[in-house]
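*Asks:* Sequence plus the predicted model coming up.
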Amino acid sequence: MTTNASWHETTTEQWATVPLSDCLEKVNIPAKIPRKRFLNSGELPIISQEAAFINGYWNEDSDAVRVTEPVVVFGDHTQVLKLIDFDFVVGADGVKILRPKECLSAAFLRYFLEANPFPSLGYARHYRHISQLEIPLPPLAEQKRIVAVLDQAFADLDRARANAEGNLADAEEVFENWRVLIFERQGREWQQVSLPDISENLDRQRVPITKSDRVAGSVPYYGASGVVDHVAEYIFDEDLLLVSEDGANLLARTYPIAFSISGKSWVNNHAHVLRFEDRTDQEFVRLYLESISLKPFISGMAQPKLNQKALNKIPMPFPNAETRQHVVKEAERISALTSRAVKQYEQDLEDIDDLRLSILSTAFAGRL
């Protein structure tokens with residue numbers, strides 16, 4: 001192969017640095033299958049630029065890309081990288097197949113591209129940058145040694161990531177499980193009340209403002225799932241509990257459906273507004289509403305709704321003041337502990353990602 005090679009000094013040897021385009025063969029793609037035509041099963045896997053490794057199946061043998069040596073699939077829009085060592089069919093647009101010449105290991109190339117991502121251009125194409133890349137080219141035996149070391153190191157990191165992700169999921173569930181348990185086990189012995197017995201409903205004071213009529217400011221403007229905007233004026237200036245009135249989140253529970261607010265605020269007609277005499281009672285009710293399913297009280301499926309009449313029918317366990325205070329304080333303690341654990345495991349995941357990049361950087365500097 002004829003190239004314009006420069007030389008990269010390492011601690012062990014000199015590596016040629018060559019244009020990546022000089023190391024790639026042209027690949028003929030027989031067909032590109034639109035996403036809507038993917039099959040759920042079939043003879044040939046479909047590889048696209050989506051994150052999942054295999055994205056569908058196909059049965060037309062004449063549409064297959066034949067793979068005798070591994071290739072790298074590059075997502076032109078997504079920058080997703082896949083090392084492929086089997087026959088496959090290309091899915092839709094945006095798939096670039098990088099077939100290395102004999103001087104370059106496909107696995108080495110895949111790691112090199114991971115170590116040198118292009119600046120994201122959104123959904124624009126990134127493949128044009130590949131022609132501008134230069135790749136360090138150690139002997140093939142050294143490439144294979146580096147790949148073997150990276151494979152082992154990243155297998156260890158993948159196990160560490162799986163452990164951290166498991167710990168993170170467990171930590172996030174601790175408080176949720178405690179909240180459900182405290183009301184299931186102890187709530188049955190507590191007196192039952194309804195919200196009108198312990199709070200005042202202020203829904204009549206809500207005022208929705210269309211986006212075009214809002215005057216920008218610093219006052220939070222609340223909707224069914226929290227702050228949706230900031231405005232100049234306010235309706236309320238106190239501690240309140242907001243409860244979602246409508247929206248898919250009433251069933252999905254992706255976001256809180258009951259949340260406390262303080263100070264100046266404006267609330268639209270998608271959240272019920274409740275005032276309590278005691279902040280502890282407000283927090284106790286919030287904890288309970290977050291722990292139960294509201295499905296029995298919700299009307300409508302296309303647009304789920306918890307109207308005021310249904311909200312007032314929800315039976316509320318309400319023990320004595322001492323017990324309510326104990327539950328709220330214990331909730332604050334457990335929430336703080338789980339929040340610290342979640343932050344730690346999130347930091348662990350960031351550290352694992354940083355370590356992966358550091359290892360890749362070391363490998364392609366010849367210092368692995």
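*Replies:* Nice, thanks for sending it over. Numbers count the residues shown, from 1 in each chain.

*Asks:* Low-confidence stretches in this structure?
*Replies:* Scanning the chain for pLDDT under 70 picks out 1-13, 121-124, 186-189.

*Asks:* What segments of it are helices?
*Replies:* Counting by DSSP state H, one finds helices in the chain at the ranges 106-115, 140-186, 195-198, 249-252, 279-291, 308-313, 321-364.

*Asks:* which helices and strands does the last one pack with?
*Replies:* It refers to helix 321-364. Applying 3 or more Cβ pairs under 8 Å, 6 or more residues apart in numbering; DSSP states H and E, one finds that helix 321-364 contacts helix 106-115, helix 140-186, helix 279-291. Placement of C-beta: from N, CA and C, glycine included.

*Asks:* How about exporting the last one as PDB, limited to the C-alpha atoms?
*Replies:* It refers to helix 279-291. Coordinates of the C-alpha atoms in helix 279-291 are reproduced here as PDB (Å, rounded to 0.1, in the frame of the first residue of the first chain):
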ATOM      1  CA  ARG A 279     -46.700  21.800  56.600                       C
ATOM      2  CA  THR A 280     -46.200  18.400  58.100                       C
ATOM      3  CA  ASP A 281     -49.700  17.400  57.100                       C
ATOM      4  CA  GLN A 282     -49.100  18.600  53.600                       C
ATOM      5  CA  GLU A 283     -45.900  16.500  53.300                       C
ATOM      6  CA  PHE A 284     -47.700  13.500  54.800                       C
ATOM      7  CA  VAL A 285     -50.400  13.700  52.200                       C
ATOM      8  CA  ARG A 286     -47.900  14.200  49.400                       C
ATOM      9  CA  LEU A 287     -46.100  11.100  50.500                       C
ATOM     10  CA  TYR A 288     -49.300   9.100  50.500                       C
ATOM     11  CA  LEU A 289     -50.500  10.200  47.100                       C
ATOM     12  CA  GLU A 290     -47.100   9.400  45.600                       C
ATOM     13  CA  SER A 291     -47.300   5.900  47.100                       C
END
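
*Asks:* buried residues in it?
*Replies:* For helix 279-291, the neighbour count (16 or more other Cβ atoms under 10 Å) marks 280-291 as buried.

*Asks:* residues touching the residue lying closest to Leu349 once chain neighbours are set aside, list them.
*Replies:* Of all residues not flanking Leu349 in the chain, Ala164 sits nearest, at 5.2 Å (Cβ to Cβ, 6 or more residues apart in numbering). Going by Cβ atoms under 8 Å, 6 or more residues apart in numbering, Ala164 touches 345, 348-349, 352.

*Asks:* how about a markdown table for those residues, with distance to Pro304 added?
*Replies:* Output for the contacts of Ala164, formatted as a markdown table (distance: Cβ to Cβ, whole Å):
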| residue | distance to Pro304 |
| --- | --- |
| Tyr345 | 33 |
| Asp348 | 37 |
| Leu349 | 34 |
| Ile352 | 39 |
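
*Asks:* Please, a PyMOL command that selects the buried ones among those residues?
*Replies:* Those of those that count as buried under 16+ other Cβ under 10 Å are selected in PyMOL with:
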select buried, resi 345+348+352
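
*Asks:* Which of the contacts of Ala164 sits closest to Asn40?
*Replies:* Leu349 (32.2 Å; Cβ to Cβ).

*Asks:* Contacts only, for that closest one.
*Replies:* Leu349 sits in contact with 161, 164-165, 168, where contact means Cβ under 8 Å, 6+ apart.

*Asks:* now it: how far from Glu173?
*Replies:* Distance, Leu349 to Glu173, using Cβ to Cβ, to the nearest Å: 17 Å.

*Asks:* Gln49 now?
*Replies:* On the measure of Cβ to Cβ, Gln49 and Glu173 end up 34 Å apart.

*Asks:* And Gly300, by the same measure?
*Replies:* 30 Å.

*Asks:* for Phe38, same thing?
*Replies:* In terms of Cβ to Cβ, Phe38 sits 34 Å off from Glu173.

*Asks:* which one of the two has more residues nearby?
*Replies:* Phe38 (17 against 11; other Cβ atoms under 10 Å).

*Asks:* Thought Tyr57 was touching the more buried one, still the case?
*Replies:* Yes: look at Phe38 against Tyr57 with Cβ atoms under 8 Å: they come within range, at 7.1 Å.

*Asks:* tally of neighbours for Arg179?
*Replies:* As a measure of burial, Arg179 has 19 neighbours, counting by other Cβ under 10 Å.

*Asks:* ugh, typo on my part, it should be Gln344
*Replies:* The burial count for Gln344: 13, using other Cβ under 10 Å.

*Asks:* And His126, by the same measure?
*Replies:* 21.

*Asks:* Got the phi and psi for it?
*Replies:* phi -110, psi -10 (degrees, to the nearest 10).

*Asks:* so it touches Val80, yeah?
*Replies:* No: between His126 and Val80 no contact is recorded; they are 10.5 Å apart, counting by Cβ under 8 Å.

*Asks:* thinking again about what came up before, would you mind giving the helices of the chain as CSV with distance to Arg214 added?
*Replies:* Shown next, in CSV, are those (distance: least, Cβ to Cβ, whole Å):
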stretch, distance to Arg214
helix 106-115, 45
helix 140-186, 34
helix 195-198, 30
helix 249-252, 22
helix 279-291, 27
helix 308-313, 25
helix 321-364, 33
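
*Asks:* Between those, which one is closest to Asp239.
*Replies:* Comparing the helices of the chain by Cβ to Cβ, helix 279-291 comes nearest, at 5.7 Å.

*Asks:* what's the most distant pair in the buried residues of helix 279-291?
*Replies:* So, those by Cβ to Cβ: farthest apart are Thr280 and Ser291, at 16.6 Å.

*Asks:* who touches the closest residue to Asn201 other than its chain neighbours in this structure?
*Replies:* Spatially, and ignoring its direct neighbours in sequence, Asn201 is nearest to Leu274 (6.1 Å; Cβ to Cβ, 6+ apart). With Cβ under 8 Å, 6+ apart as the criterion, the residues that contact Leu274 are 195, 199-202, 240-243, 282, 285.
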